[in-house]
Structure formats: C-alpha cells, structure tokens
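> build me a model:
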Amino acid sequence: MSLRACSQRFGAAIRSQQRRVAGQSRRSYASTATAASSLPQEMKNSIDKEASLSNPDPPSDSSTARLVSSQNPYMVPTYVRPPPMFQQGEGCYIWDVENRPYLDFTAGIAVNSLGHCDPEISKILYQQSQTLVHCSNLYYSPWIGALSQLLVEKTRESDGMKDVGKVFVCNSGSEANEAAIKFARKHGRTVQPNGSKHEIVSFNNSFHGRTMGALSATPNPKYQKPFAPMVPGFRYGTYNDVSAINDLVTEATCGVIIEPIQGEGGVNVATQEFLLALRKRCNEVNAVLIYDEIQCGLSRTGQLWAHCALPAEAHPDILTTAKALGNGIPIGATLVTDDVSSKIVTGDHGTTFGGNPLACRVAHYCLTRLSEPDLQKAVVQKEARFRQHMTRLHQRFPKIIQEVRGRGLILGMQLTSDPTPVITAARERGLLIITCGTNTLRFVPPLIVSDEEIDKGMAVLGDAMAAVFEQPEVVKGTDGQQEMRATH
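Numbering: from 1, shown residues only. Reported below is the predicted structural model:
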C-alpha cells in the first residue's frame, strides 16, 4: 500500500473514532437529560429515539435541510431523495455534509466498484486533466483506442463473447444500449433492405435506460405512459419463459436485448436453458443477441462478464457496459462482433463527448483492476459471507425474508412487505442500501468491501429489521431509494 493511501486510511480511522466517541457522549447525555425532564412523554420518546441513532436523518430545521431547500427550486424534480446530503467518500464509506459516516452498500448503484475516491484514479484524473481532457472524435487520440483494445482482449481472456471484435465508446449505459439498438436495426436492414426486419424484443421487469429507445425496451407502462408513444417496433416477453421464445422472436426480429441478471427488476437471474434457447432462436431468424451487462458486468459476479459462466453457444453478438467502467466518471461502451461491425459505416452513429481521453484513461485503469483474478476470486468469497449473514437473518425473520437471489456481489433479498422502512432504519444507523423490483432489498457494495465491513453492515441491517419488525414503534419509510420508483 502506498504511503499516501496508508496516511489516508489512518486519518480516516482517527476521524471515525473521534466521531464515534462524540456521538456516544451526545447520546448518553441526551438520554440522561430526557429521563430527568418534565417534557411530554411523546417528546421524550422522540428525543430518546434520535439519541439512540448514530445517523438520524437531518430534521427540517437542520443546516442540511436549509441547504436543500435553497437549491431545490433550481432543480428539475426527477428524483425524490432522502434527507442526508453527501459530500465526501473514501473506500466503502461516504460522509454527509454534517460529517457523519455511512457504510455504502449501494456503490452509487453498482458504479463505485473500486470504492469512493480511489487514490490511483484521483492521480490519473489530475495527470490527464493537465494533458488533454477532450479531443473531438474527428481526430485520433491514444486512450480511446487503448481502452477499446483492452476491452476486447480482456473479454477474450475471460472466455466471454467468443466473437468480440470492436468497441464503440460513449458516455453512459443508456447510450450504450441506444447504440446497441441502432446497430441491431442496421443489421436487420442489411438482411432485409425493405425494412421489414426491424423489431426489437425485450423482457418484462427489464431496465435498459431512460432515453427514448432504451425506455421503449423497458416494458413498464408506469414509466412509459408519460412519454408515449414509444419508439415503434418493440415487443415484450416473459423472462425465463423458454416455451414462448419461438412466437416472440420471429423473422421480423432484428435484435433481442436482455440482462443476464436483471438489476432494477429485482435481481432476477436468467437460466442457462433460457439464454441457450434465445441464442438458438436468434441464429434461426438471423437476429442479433444483445446482453445488457451495465449493472451485472465487470466482475460483479466474480467473472469479468456475467455471461462468462455460460457455454460459448449462448454468447451475445453485442454487449453493453457502463457504471463500474468509470467508477463514477461517466463512460459507457458497446462491444460488437466483427459481423455486426461490418454493417456499420461512417456516419451511422457518433458521440461528441464519448471516448474523451480523460474518461478513457480512467476506464483503462478500472478495467485493468476489475479484471484481476484475485479481485474476482475475492468477490465469490464475499458473496458466501453475505449469504451466511442472510441465512441467519432469514432464520431470525422467517416470515419476512422469502429468498435471496443473484450472484457475486449483486444480490437481492426478497421481503414479504415494503422494504422502505428498513432502508430508512438502516440509513439512520449508518448503512446505505437500496431497493429494486417489488419488495426487494438490493446489495451492490464496492467489490473492495472487506469482511469486517460486510459483518458490520449486516449487523446494522439486522438491527434495522428488528426496529421495523420487532419493536412496537413504526419506522416510516423514505421514498426515493429506487432507480425507477415513481413518486407523486
């Protein structure tokens, strides 16, 4: 470990200890004071409850609330956010503006796989910002080519996407999927020049992005209706329904897009039988198969790509990635076979900012780190540790926890009731987790999370669930914890 990293961790440990001691003193003082006061019992209970929490949500008269209130009038309300405001991160922790630490099991929705503020990424950002930040795609620059080459080479080394050939670099996951959809349409038009082969198939509970093409592939009326009509030519099927594939994927199909593990939809895992059948049917009708691994890829399952666990005959023609590729720096990529690439000509697609030297150099480093065998092996071991804790929680709350789904460090815990009170209770105890699907807690921590941090976080989760399900007082849920939760 570098001297700088060592110093940062030592300083963080000291700050954490100081905050913990101060917090314990405040809680002890508050509890003693309220016990001896003549305040109404309801007010006493409220004060004692807040004093017992390490990270109670900032109240309406706090400096955080005042800052939020001053800024909100200028922001389009596309998200509902819980009260804390975050300003600093390090490793698996993130601090709010009131300097309170939270153990982060969200990783920015599977983005910060190398943790917050990785020292090497900080150094790369500084160095490259002094060299060249942006160069138009009208010209060559070294890092976009280096990243494209590394994506192809690492994919081949990992036994993923057997015919991977070329890469299109863009800014985000939605843009990576937009490129994939356009490439599939272009492929279909070369097969049937009259345009009859244009349909895109996707699956219920999927999430492929918020731009119009990606949203058209995300079949939920709740999200599509406000922006209807959708882009025409999309059909929707049932995830893991092998028997319906032949009727769903037809001669009119130019492409099929699917998440090998659905993230937003509830951490649902596609079966090998289903993906093999889908690949076979795509071959029969000459349609391209697209795997959206924006959330489940880049070693989150313990292999570089989630589909690396599949036999080669189930591999895709197009693979999309983003999120962890930049560890917080916006970047996405669409990997294609040489056959798909051969259908794309100059002018068919483009991007202004995609492939800029700054993002590509960071992504080159992230991909190098995330493809390390030791890191991938550790992900599998950490999954086992999480599952041990989840088994114990299931034994403690057998009527609340139904099952655990997922692979590696993309795990979903299915509950029988709304999980938002648990999210709130966990956050007020210093743990950040999020939801997905229907009544599902989602765990996508940084891949560098330590055993001690796993143990601590799951202990906090147990306390939060006890507060919600075992104690008489009700913990109200705070909305805004889910990527696609619509709140009115």
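> surely residue 291 is within a strand?
Yes. Residue 291 forms part of a strand when assessed by DSSP: H, G, I helix; E, B strand; the rest coil.
> elements contacting the strand or helix carrying residue 388?
Under the criterion of DSSP states H and E, residue 388 resides in helix 373-396. Packing partners of helix 373-396 (3 or more CB pairs under 8 Å, 6 or more residues apart in numbering; DSSP states H and E): strand 401-407, strand 410-415, helix 451-469. Heads up, the C-betas are built off the backbone N, CA and C, glycines and all.
> just the CA coordinates of it, formatted as CSV?
Written as CSV, here are the backbone C-alpha positions of helix 373-396 (Å, rounded to 0.1, in the frame of the first residue of the first chain):
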residue,chain,number,x,y,z
PRO,A,373,-8.1,-12.8,-10.9
ASP,A,374,-7.5,-12.1,-7.2
LEU,A,375,-10.3,-9.5,-7.1
GLN,A,376,-12.7,-11.8,-8.9
LYS,A,377,-11.9,-14.7,-6.5
ALA,A,378,-12.5,-12.4,-3.6
VAL,A,379,-15.9,-11.4,-4.9
VAL,A,380,-17.0,-15.1,-4.8
GLN,A,381,-15.7,-15.4,-1.2
LYS,A,382,-17.5,-12.2,-0.2
GLU,A,383,-20.8,-13.5,-1.8
ALA,A,384,-20.5,-16.5,0.5
ARG,A,385,-20.0,-14.3,3.5
PHE,A,386,-23.1,-12.2,2.6
ARG,A,387,-25.2,-15.3,2.2
GLN,A,388,-24.2,-16.6,5.6
HIS,A,389,-25.4,-13.4,7.2
MET,A,390,-28.6,-13.5,5.0
THR,A,391,-29.3,-17.1,6.1
ARG,A,392,-29.0,-16.0,9.8
LEU,A,393,-31.4,-13.1,9.1
HIS,A,394,-33.8,-15.5,7.4
GLN,A,395,-33.8,-17.7,10.5
ARG,A,396,-34.5,-14.6,12.6
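> now do that helix and strand 410-415, the angle between them.
Helix 373-396 runs at 10 degrees relative to strand 410-415, counting by axes from the mean of the first three to the mean of the last three CA atoms, to 10 degrees.
> give me the buried stretch members for helix 373-396, please.
By 16 or more other CB atoms under 10 Å, the buried positions in helix 373-396 come out as 375, 376, 378, 379, 382, 383, 386, 389, 390, 393, 394.
> how far away from the center of its chain is that helix?
The chain centre lies 18 Å from the centre of helix 373-396; the measure is CA atoms, centre = their mean, to the nearest Å.
> what's it in contact with?
299-304, 369, 401, 404, 407-409, 411, 413, 443, 447-449, 451, 454-455, 458, 461-462, 465 (CB atoms under 8 Å, 6 or more residues apart in numbering).
> ranking the helices and strands packed on helix 373-396 by mean neighbour count, which comes first?
Greatest average neighbour count among these goes to strand 410-415 (a mean of 23), per mean count of other CB atoms under 10 Å.
> just the closest of the buried residues of helix 373-396 to residue 225, please.
Nearest to residue 225 out of the buried residues of helix 373-396 is residue 390 (CB to CB; 35.7 Å).
> how far away is that closest one from residue 462?
Counting by CB to CB, to the nearest Å, the gap from residue 390 to residue 462 is 10 Å.
> list the buried residues of the host helix or strand of residue 123.
Per DSSP H and E, residue 123 falls inside helix 119-129. Of the residues in helix 119-129, 121, 124, 125, 128 count as buried by neighbour count, 16+ other CB under 10 Å.
> show the subsequent helix or strand relative to it.
helix 142-157.
> by how many degrees do that next one and helix 119-129 diverge?
Going by the same axes, to 10 degrees, helix 142-157 makes 140 degrees with helix 119-129.
> and the contacts of helix 142-157?
Counting by CB under 8 Å, 6+ apart, 137, 161, 164-167, 169, 304-305, 319, 321, 333, 335, 355-357, 360-361, 363-364, 367-368, 371 sit against helix 142-157.
> so residue 435: helix, strand or coil?
Going by three-state DSSP: residue 435 is strand.
> quick one: the helices in the stretch 51-200 of the chain?
Secondary structure of the stretch 51-200 of the chain, counting by DSSP state H, counting those that start in this stretch: helices at 63-71, 107-110, 119-129, 142-157, 173-191.
> in terms of mean pLDDT, which of those ranks lowest?
For the helices of the stretch 51-200 of the chain, mean pLDDT drops lowest on helix 63-71, to a mean of 93.
> residues contacting residue 185?
Per CB under 8 Å, 6+ apart, neighbours of residue 185: 198, 200, 254, 255.
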